[in-house]
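S.K.: Here is a sequence together with a model predicted from it:
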Amino acid sequence: MSFVLAQVINGVVFGFLLFLIAAGLTLMLGTMQIVNLAHGSFYLLGGYIGYSVVRHTDSFVLGCLVGLVAIGLVGGASYRFILSRESMREVLPQVLATFGMLLIVSDLCRWIWGGVPLAIPRPDYLKGVARLAGTIVPNYRLAVIGIGIAVALFLWWFLEKTKYGAIVRAGVDDEQMAQGIGINIGVVKLFVFSLGAMIAGFAGTVGGPLIGLHVGLDVEILLLALVVIIIGGMGSLRGALVGALLIGLLDSFGKSLIPEVSLFLIFAIMLVVLAIKPQGLFGGR
């Protein structure tokens with residue numbers, strides 16, 4: 001029983017970390033139809049920036065804030081000067097441009113922080129452990145679950161209950177009508193892209209103490225985020241949450257019980273969902 005509970009907790013923790021990454025990407029894909037292959041780079045760069053801040057200031061909260069703001073600015077600049085161009089409206093130019101950004105950020109990270117894997121130190125107030133039904137759980141893992149729930153609730157509240165969320169949804173549903181009533185679609189898209197990048201940068205610092213940081217992690221995390229979005233449905237936050245938790249649990253139990261096929265299970269589930277419901281579990285038609 002303790003083994004099952006431990007794997008469930010580990011899976012939920014990893015699932016919420018994947019949700020933080022996939023939430024921003026599903027906003028970009030679902031609301032802007034932008035294929036951003038550099039999203040994993042936003043995660044990695046945010047993690048490295050957070051690592052440097054934590055090492056120099058010994059403040060994990062400040063590291064999260066600086067990583068969030070810095071990647072929000074990087075994402076906003078990427079959209080404003082590259083992806084908002086008329087030539088970037090098609091998928092192929094988006095893929096080529098963002099893949100080039102991925103390579104640039106990867107080499108930049110290797111140049112600044114080196115190729116040795118790094119880990120962000122956990123804050124002292126989260127270094128202890130808790131006992132749940134006889135299972136020892138690090139406090140930091142419980143904190144990640146709490147952070148994931150808080151971000152999910154915030155995004156739901158913002159998109160469904162606020163005026164600005166209504167503006168974002170209006171711009172997605174009918175861009176021309178939204179422009180006709182005075183909504184600046186360019187500003188809305190810049191905000192959405194920056195918000196998605198901010199969440200990815202924040203996730204990089206949050207995930208640093210759990211899975212570490214190394215060059216190449218950007219591609220690994222991007223693939224898992226894409227799987228989450230395909231399973232949950234493009235543009236659906238609820239789908240991103242359900243898909244992330246499902247992948248997190250599959251990853252946890254797969255690596256513990258059948259590690260040789262754990263990665264296969266993740267992509268097998270994706271193929272099953274695509275065969276049954278091509279738009280994803282919660283995606284629109």
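M.R.: Looks like it came in fine.

S.K.: just the helices in this protein please.
M.R.: Taking DSSP state H as the test, the helices found in the chain are 2-32, 39-57, 60-78, 91-113, 139-161, 163-173, 175-180, 185-211, 217-232, 237-257, 262-276.

S.K.: Report the distance from the longest one to the chain centre.
M.R.: This points to helix 2-32. Distance, stretch centre to chain centre, for helix 2-32: 8 Å (C-alpha atoms, centre = their mean, to the nearest Å).

S.K.: Mind giving me the packing neighbours of that helix?
M.R.: Where contact means 3 or more C-beta pairs under 8 Å, 6 or more residues apart in numbering; DSSP states H and E, helix 2-32 is packed against helix 39-57, strand 135-138, helix 139-161, helix 163-173, helix 185-211, helix 217-232, helix 237-257. (C-beta placed from N, C-alpha, C; glycine too.)

S.K.: Where among those is average confidence lowest?
M.R.: Mean pLDDT values for the helices and strands packed on helix 2-32 show the minimum at helix 163-173, a mean of 72.

S.K.: rewinding a little: with residue 84 as the reference, name the closest of the helices of the chain.
M.R.: helix 185-211 (6.9 Å; C-beta to C-beta).

S.K.: who does that closest one touch, helix- and strand-wise?
M.R.: helix 2-32, helix 39-57, helix 60-78, helix 139-161, helix 163-173, helix 175-180.

S.K.: So which of the ones you listed is the most surrounded?
M.R.: Greatest average neighbour count among the helices and strands packed on helix 185-211 goes to helix 39-57 (a mean of 25), per mean count of other C-beta atoms under 10 Å.

S.K.: and that one with helix 91-113, angle?
M.R.: If you take axes from the mean of the first three to the mean of the last three C-alpha atoms, to 10 degrees, helix 39-57 sits at 20 degrees to helix 91-113.

S.K.: Helix 60-78 and helix 39-57, what's the angle between them?
M.R.: 140 degrees.

S.K.: hmm, back to that, TSV for the helices and strands packed on helix 2-32, including distance to residue 94?
M.R.: Listed next are the helices and strands packed on helix 2-32 as TSV, based on distance: least, C-beta to C-beta, whole Å:
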stretch	distance to residue 94
helix 39-57	12
strand 135-138	39
helix 139-161	23
helix 163-173	17
helix 185-211	12
helix 217-232	14
helix 237-257	20
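
S.K.: Of all those, which one comes closest to residue 116?
M.R.: Comparing the helices and strands packed on helix 2-32 by C-beta to C-beta, helix 39-57 comes nearest, at 12.0 Å.

S.K.: Mind giving me the packing neighbours of the closest one?
M.R.: Going by 3+ C-beta pairs under 8 Å, 6+ apart, helix 39-57 lies up against helix 2-32, helix 60-78, helix 91-113, helix 185-211, helix 217-232.

S.K.: Next one: the closest residue to residue 95 other than its chain neighbours from residue 98, what distance?
M.R.: Take residue 95 and drop its neighbours on the chain: the residue closest to it by C-beta to C-beta, 6 or more residues apart in numbering is residue 35, 5.5 Å away. The gap separating residue 35 from residue 98 is 7 Å, by C-beta to C-beta, to the nearest Å.
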